[in-house]
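Enquirer: Based on what follows, work out the 3D shape:
(chains A and B)
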Amino acid sequence: AQTIHQWPVAEIKAVGSPLSLGCTIKGKSSPNLYWYWQATGGTLQQLFYSITVGQVESVVQLNLSASRPKDDQFILSTEKLLLSHSGFYLCAWSPGDWGGAEQYFGPGTRLTVL
Amino acid sequence: GEQVEQLPSILRVQEGSSASINCSYEDSASNYFPWYKQEPGENPKLIIDIRSNMERKQIQELIVLLDKKAKRFSLHITDTQPGDSAMYFCAASVSGGADRLTFGKGTQLIIQP
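Expert: Model (predicted):
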């Protein structure tokens, strides 16, 4: 069975500080990977997606960047946090095959920027 | 890009009755429509989905209907229970390769005793 982990569980950071969030999936080779952001009480906004190692596509520009250094790892980062970056960051995966559209979310990282 | 409208934003129903959430989309190329349930502080969980080659799908008390001509789809929960209280999100995407899911704004479902 596939398992998806995100780290850290929660972060409190200062405006202007750097950030790195991680996501790892086990039990599935070559998955599609996604980053989402959810404001408190808000909807889910897809930020990035990746269908293979080293390849990341941006969906929405929020002064964030993403990288996929390994098949099972997806990293979200920024050098300078803004207050507007606060929220719930979710990593998701899908099978990566044509017709395998189901996306499954990780447990998420709750970020508070002060 | 795709736009998904979801209504109502808040839905209160009596325990044991049915609840219905409606979504509409704009891109006629969208062919995959999942529904997610999110409880407070938790991640969204996929509860049911439907593809464009179907008009109706049922999993236990969950029924999804899809009207491609009208570009509308809906979730119906029959015989609601307290555990059904949660935020529900609909989404739409053009399936294949990487899936660009666009979500609705969510419906807060409250089951009243």
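Enquirer: what comes up buried for the helix or strand harbouring residue B:111?
Expert: For residue B:111, the host element (DSSP states H and E) is strand B:107-112. If you call a residue buried by 16 or more other CB atoms under 10 Å in any protein chain shown, then strand B:107-112 has these buried ones: B:107, B:109, B:111. Backbone N, C-alpha and C define where each C-beta goes, glycine included.
Enquirer: do the same with stretch B:33-52
Expert: For stretch B:33-52, by 16+ other CB under 10 Å, it's B:33-38, B:43-44, B:47-50, B:52.
Enquirer: which of those are close to chain A?
Expert: B:34, B:36, B:43-44, B:49 (CB under 8 Å from any CB of the partner chain).
Enquirer: Closest one to chain A out of those residues, please.
Expert: Ranking those by separation from chain A, with CB to the nearest CB as the measure, puts residue B:43 on top at 4.3 Å.
Enquirer: from what I can see that closest one touches residue A:104, true?
Expert: No: contact criterion CB atoms under 8 Å: residue B:43 and residue A:104 do not qualify, at 9.0 Å.
Enquirer: circling back: the strand holding residue B:111 - contacts with which helices or strands?
Expert: Packing contacts for strand B:107-112, counted by 3 or more CB pairs under 8 Å, 6 or more residues apart in numbering or on different chains; DSSP states H and E, involve strand B:10-14, strand B:19-25, strand B:86-92.
Enquirer: rerun that using 6 Å as the cut-off
Expert: In this structure, strand B:107-112 makes packing contacts with strand B:10-14, strand B:86-92, judged by 3 or more CB pairs under 6 Å, 6 or more residues apart in numbering or on different chains; DSSP states H and E.
Enquirer: What are the buried residues along stretch A:3-20?
Expert: A:4, A:6, A:11, A:13, A:19.
Enquirer: hmm, back to that, save the buried residues of stretch B:33-52 as JSON lines, and put in secondary structure too.
Expert: Shown next, in JSON lines, are these (DSSP: H, G, I helix; E, B strand; the rest coil):
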{"residue": "B:33", "secondary structure": "strand"}
{"residue": "B:34", "secondary structure": "strand"}
{"residue": "B:35", "secondary structure": "strand"}
{"residue": "B:36", "secondary structure": "strand"}
{"residue": "B:37", "secondary structure": "strand"}
{"residue": "B:38", "secondary structure": "strand"}
{"residue": "B:43", "secondary structure": "coil"}
{"residue": "B:44", "secondary structure": "coil"}
{"residue": "B:47", "secondary structure": "strand"}
{"residue": "B:48", "secondary structure": "strand"}
{"residue": "B:49", "secondary structure": "strand"}
{"residue": "B:50", "secondary structure": "strand"}
{"residue": "B:52", "secondary structure": "coil"}
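Enquirer: how near is residue B:61 to residue B:47?
Expert: 10 Å (CB to CB, to the nearest Å).
Enquirer: How about residue A:82?
Expert: 34 Å.
Enquirer: Determine the number of other residues adjacent to residue B:70.
Expert: Using other CB atoms under 10 Å in any protein chain shown, the number of residues around residue B:70 comes to 8.
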